[in-house]
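Q: got a structure for you, letters missing:
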């Protein structure tokens, strides 16, 4: 339960959280990332919902921030670090949301669970890290605590609403890795069953099968050949070996001996000593850790990974997407859509006659229709400035599903004047060369226009992803600008390359072929807004008739009428290609009329966004604009050029419903792929996520020890006392924030130093005094 803490002081809010059975801690507002900044070491054991304890804490530290201990509170929190929630994480909106910024979707999404998961990166299916997972011994800072970036980034902590914390949905499991319910309480600071020496001995006695003895060789070889990080290799090898011994591949006792021998060889090879770096006691601890991890994992997972072809990254997803069909939404009246107009009825019949998907043909037809509308024809300035009609379409289907056939059918059925110019998508700079080039005459460079309207095509989304992944690639930002009809400027020192396409002077449409399992090429740029600018349509047709119907005649669109605008373009003063680098004035544009229902929908969404309504999805703004563009394309496909009608708007809504369903199918396919990938990942990858937290802890411990020695040494050089600011300056820059967050409080609590308040000119200062002289220098 998340209580209503609006208007409460920190102490009152802490009591409210505790009354809702949430374990809290007081945290120093200056060091919110250190849960023990006030209560000290062993903070997981100290978090509490006890009213007397909370009163004592906030009596001592009245301005303390409130940290919620996720493990003891029975919750997991997803900490989103980007402003827009990616589509594949839409399930997170079901959780209790605490915003960490004044606007956007950045913040904590909290769910109830009895399980404990590995805290670490929140990673999308395509590998993009978008936040952190907080579980077990982790905390989130809660309202009304101050945000450390309140001044610089509008940071704040604010629950969207109070209420019962919903249960963790099944969709979340793809992004989580459990530590095992058997030891959940231990990871939550409770009293779970520990792995004792007796349990380890029993494990060794029982794990004696020898079903695949050669499987151990690869592990020992990796340890033996390590020329750095031998301890980490040893730890990982013991974890893997314990798991494989548990399922009977080889005796664990043998693995313990051979891995130790390999580690000794690794150190000897580089002139170092195993006993100095690891030693018998630490090696025993690593063995215990390996058994702990092995017992926390399911036998099914252990077998799945052991049976994988070692040394590869096979995903075993062949055929997963071959039978994909888009998820039909109940509210889509497909028959009503296709029968609404003769032109749509003919389009579907032509597609079925050519044995290709009608929705895919419609996508290509809409893009071609928009290319036939002059670029100075725009949508009204409902939000800021006028909006371009430039349209992007993603055609979704498995390989061989007929994307090329649908494109060919569209070009043969729809005839436009002028004819549609098509080009293969290249780099952002390469797009400009299709429209214009630079020419030098009489020592002066001038721009020569080639085309004012181009339909670009990327048959495979992988090509788009590869182009955008190039170093310094401008492709995706340029595409987002082109979608809005903004100026595309390609500035180079070489004037021969400095092509300029002014706003509302060019028409650029784009079609992209998407295999569902590879849709991350578009979806991974959700935080940039790229996938939200596409109409997603399927290349499959579940309703295809057994017998192909007769193909109707081709459909012709006339040239856009001259009387539809007062632009220079249509008056003939200058050709459209000659105006590509000439900024458009208000009088050059022809603004289409819109129905009131469309205006009202867009205005309502904008008002909610400006008011900070957290129930309003900011991505709906892209969706409404996309719907308007489709409506305008349907208008021209109906051979009208005056205004978008109510029916155009309604039909465009049906297209968007299909788009939403298709996009959801891609997201679901990627989730399936990610799950299959996780299950079939290599043995060495198996422990990586489990090891990450411990590895970070080990590195932090080593770093704390090093920085502690440096601080003591600095104070000794100053005679045992110096200003805090000077001590901090003496540290190398990379250690300064680490000193503040982790080392300083540790030194204070352990009695090595004390903090003395000193009066400076106009403000208070602090000095650090060494209480114990150390030989650590």
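A: Looks like it came in fine. Just so it is clear, the model here is predicted, and its values are computed rather than measured.
Q: separation between residue 139 and residue 77?
A: 9 Å (C-beta to C-beta, to the nearest Å). Glycine gets a C-beta too; all of them are placed from N, C-alpha and C.
Q: what sits in contact with each of those two?
A: Common neighbours of residue 139 and residue 77 (criterion: C-beta atoms under 8 Å, 6 or more residues apart in numbering): residue 70.
Q: might you report the residue contacts of residue 414?
A: Residues near residue 414 by C-beta under 8 Å, 6+ apart: 365, 368-369, 554-555, 557.
Q: and the gap between it and residue 534?
A: To residue 534, residue 414 is 20 Å away according to C-beta to C-beta.
Q: hang on, the earlier thing: top of the contacts of residue 414 by number of neighbours, please.
A: Neighbour tally across the contacts of residue 414 (other C-beta atoms under 10 Å): the maximum, 29 neighbours, falls on residue 365.
Q: ok, it touching residue 348?
A: No. With contacts defined as C-beta atoms under 8 Å, residue 365 does not count as touching residue 348, sitting 10.9 Å away.
Q: need the residues touching each of those two.
A: Joint contacts of residue 365 and residue 348 (C-beta under 8 Å, 6+ apart) do not exist.
Q: centre-most residue in the protein?
A: Computing the C-alpha centroid of the chain and ranking residues by C-alpha atoms, centre = their mean puts residue 130 first, at 4.0 Å.
Q: pLDDT at that one, what is it?
A: In this model, residue 130 is scored at 89, pLDDT.
Q: again, but for residue 510
A: Note on residue 510: pLDDT of 95.
Q: just the one 10 residues further on next, same as before
A: The score at residue 520 is 69. That number is its pLDDT.
Q: distance of the residue nearest to the centre of the chain relative to residue 99?
A: Distance, residue 130 to residue 99, by C-beta to C-beta: 16 Å.
Q: list phi and psi for residue 77.
A: When read as degrees, to the nearest 10, the backbone of residue 77 gives phi -120, psi 140.
Q: that one touches residue 107, doesn't it?
A: No. The pair residue 77 / residue 107 is not scored as a contact, 9.5 Å apart, by C-beta under 8 Å.
Q: which of the helices or strands spans the spatially closest residue to residue 756 that is not a sequence neighbour?
A: In this structure, residue 756 finds its nearest non-sequential neighbour in residue 767, 4.6 Å apart by C-beta to C-beta, 6 or more residues apart in numbering. Element membership for residue 767 (DSSP states H and E) is strand 764-770.
Q: now that strand, how far from the chain's geometric center?
A: Relative to the chain's own centre, strand 764-770 is displaced by 43 Å; criterion: C-alpha atoms, centre = their mean, to the nearest Å.
Q: ok, and what's touching it?
A: With contacts defined as C-beta under 8 Å, 6+ apart, strand 764-770 is touched by 711-712, 715-716, 720-725, 727, 752-759.
Q: tell me the buried residues in that strand?
A: Of all the residues in strand 764-770, those buried under the rule 16 or more other C-beta atoms under 10 Å are 767-768, 770.
Q: cool, and stretch 4-11?
A: In stretch 4-11, counting by 16+ other C-beta under 10 Å, buried: 5, 8, 10-11.
Q: make TSV from those and add secondary structure to it.
A: Output for those, formatted as TSV (DSSP: H, G, I helix; E, B strand; the rest coil):
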residue	secondary structure
5	coil
8	coil
10	helix
11	helix
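Q: same for the helix or strand where residue 290 lies, what does it pack against?
A: Element membership for residue 290, per DSSP H and E: helix 279-296. For helix 279-296, the elements it packs on are helix 197-206, helix 230-246, helix 252-269, judged by 3 or more C-beta pairs under 8 Å, 6 or more residues apart in numbering; DSSP states H and E.
Q: how much space between residue 210 and residue 252?
A: For residue 210 relative to residue 252 (C-beta to C-beta), the value is 11 Å.
Q: equivalent analysis for residue 598, please.
A: On the measure of C-beta to C-beta, residue 598 and residue 252 end up 68 Å apart.
Q: which of the two has more neighbours?
A: residue 252 (28 against 24).
Q: tell me the pLDDT of the residue nearest to that one when sequence neighbours are not counted.
A: Once flanking residues are discounted, residue 252 sits nearest to residue 245: 3.6 Å by C-beta to C-beta, 6+ apart. Among the per-residue scores, residue 245 holds a pLDDT of 91.
Q: what about residue 245, how many neighbours?
A: Neighbours of residue 245 (other C-beta under 10 Å): 29.
Q: what's the domain layout of the protein?
A: Listed domain ranges for the chain are 10-176, 197-311, 334-674, 692-770 (source: automatic domain parsing).
Q: where among those domains is average confidence lowest?
A: domain 692-770 - the lowest mean pLDDT of the domains of the chain, at a mean of 79.
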